[in-house]
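>>> build the 3D model from these lines:
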Amino acid sequence: MSSSKPTKWHRFDEAQSKAWFDAKHDAGVFNVPFGTSSVGPLSMPGALSFLGSNVQTPIVSSNGMKVGSEWVALRIDGTTTKAYAFMMGTSTDKALHYAGPYKNFPAHHVRQGNPVACEDFFGHTPVGKTSSA
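As a prediction, this is how the structure comes out:
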């Protein structure tokens, strides 16, 4: 997970953490009913849904964050669906954190009416790239 600048982690509140753990599945893509927030990615205008997926091989970052999942925020902007990928990690005190967004992947912008598989939204964060290699 090395990059030119350090990963910035943001802590989820209790309600958001509960929504994640209640929705989390061992395999495949799952819907996460995060609800909305006044800050961060959950406050995106046009937010449509939030999807989660586990990585094949969780990693532990240099600061002790255990990173084992990714999630994607999907929002509508005119006739375009925009996808934003995030890493999900658990800190040493068991709090849930996210890092991102990551936008450099083909399914970041999808025109209305163009089909895309849910799986195409995942594997584009540093942990996703490491896990699928």
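
>>> longest helix of this protein?
helix 14-23 (DSSP state H).

>>> what's next to it, contact-wise?
With contacts defined as Cβ atoms under 8 Å, 6 or more residues apart in numbering, helix 14-23 is touched by 12, 30-35, 37, 42, 52, 71, 88, 95-96. (Glycine included, C-beta is placed from N, CA and C.)

>>> try 10 Å this time
If you take Cβ atoms under 10 Å, 6 or more residues apart in numbering as the criterion, helix 14-23 is touched by 11-13, 30-35, 37, 40, 42, 50-52, 69, 71, 88, 90, 94-98.

>>> list the buried residues in it.
16-17, 19-20, 23 (16 or more other Cβ atoms under 10 Å).

>>> next one: stretch 25-45
Buried residues in stretch 25-45, counted by 16+ other Cβ under 10 Å: 29-30, 32, 34, 41-42, 44.

>>> next one, pLDDT for G28 please.
Looking at G28, its pLDDT reads 85.

>>> excluding sequence neighbours, find me the nearest residue to it.
Distance criterion Cβ to Cβ, 6 or more residues apart in numbering; nearest residue to G28, sequence neighbours excluded, is S53 at 7.1 Å.

>>> quick one, the helix or strand that that neighbour is a member of and helix 14-23 angle?
In this structure, S53 sits in strand 47-60 according to DSSP states H and E. Calculated by axes from the mean of the first three to the mean of the last three Cα atoms, to 10 degrees, strand 47-60 forms an angle of 80 degrees with helix 14-23.

>>> which is the next helix or strand following strand 47-60?
Following strand 47-60 in sequence, per DSSP H and E, is strand 66-77.

>>> and whatever helix or strand comes next after that following strand, which residues are buried?
For strand 66-77, the succeeding helix or strand toward the C-terminus, using DSSP H and E, is strand 80-90. Residues 81-90 are the ones in strand 80-90 that count as buried (16+ other Cβ under 10 Å).
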